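S.K.: Okay, here's the prediction I keep looking at, along with the sequence it came from:
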Amino acid sequence: MDLELSTIDHIGAPTWDAATAATFFERLGVPIVHEETVTEFNIHAVFLDFDGVFLEFLEPTGEGPAKTFLERHGPGFQHLAYRVPDIDAAMAALGGEGVRFQTEDPVTGVGDSRVVFVEEADTAGFQTELVERTAPVGGKE
């Protein structure tokens, strides 16, 4: 299989209050490098930069996966996202191995990235996201 997972892009962590969650890390010197509301996912996302691996706090702005996760589990880590250089090629390679995705095509994510989530049944229940960045987050690749 011809697939490159170049690095961990981010760890997604739903929270009821992204600003308060981020404040703890800001006090420790970890910078917030990006904030954005994504209406398609009903979230307000706050990205903190841990030397190029991002912690993404996801505050729900309506119904959606972040709110559902919080109602079921409370705040915590939800998903791990891997950066890929070409999401279409990654989907083709994984699809050729029988891996399924939650959407047929990538969707627009935070920072105009292209993202797709793998069906959890194919990852032993771990929520896994593939991310192709079209621009760096907070000036970091």
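M.R.: Perfect, thanks for sending it.
S.K.: Surely Gln78 and Thr15 touch.
M.R.: No. With contacts counted by C-beta atoms under 8 Å, Gln78 stays clear of Thr15, the gap being 10.0 Å. For the C-beta atoms, the positions are set from N, CA and C on the backbone; glycine is no exception.
S.K.: Return every residue with contacts to both of those two.
M.R.: Counting by C-beta atoms under 8 Å, 6 or more residues apart in numbering, the residues touching both Gln78 and Thr15 are Leu58.
S.K.: per-residue pLDDT, Gly64?
M.R.: We have a pLDDT of 94 for Gly64.
S.K.: what pLDDT, on average, does stretch 119-138 get?
M.R.: 90.
S.K.: Give me the distance between the two termini of it.
M.R.: 29 Å (C-alpha to C-alpha, to the nearest Å).
S.K.: before we move on, what about stretch 80-91?
M.R.: 17 Å.
S.K.: next one: that stretch to chain centre, how far?
M.R.: 12 Å (C-alpha atoms, centre = their mean, to the nearest Å).
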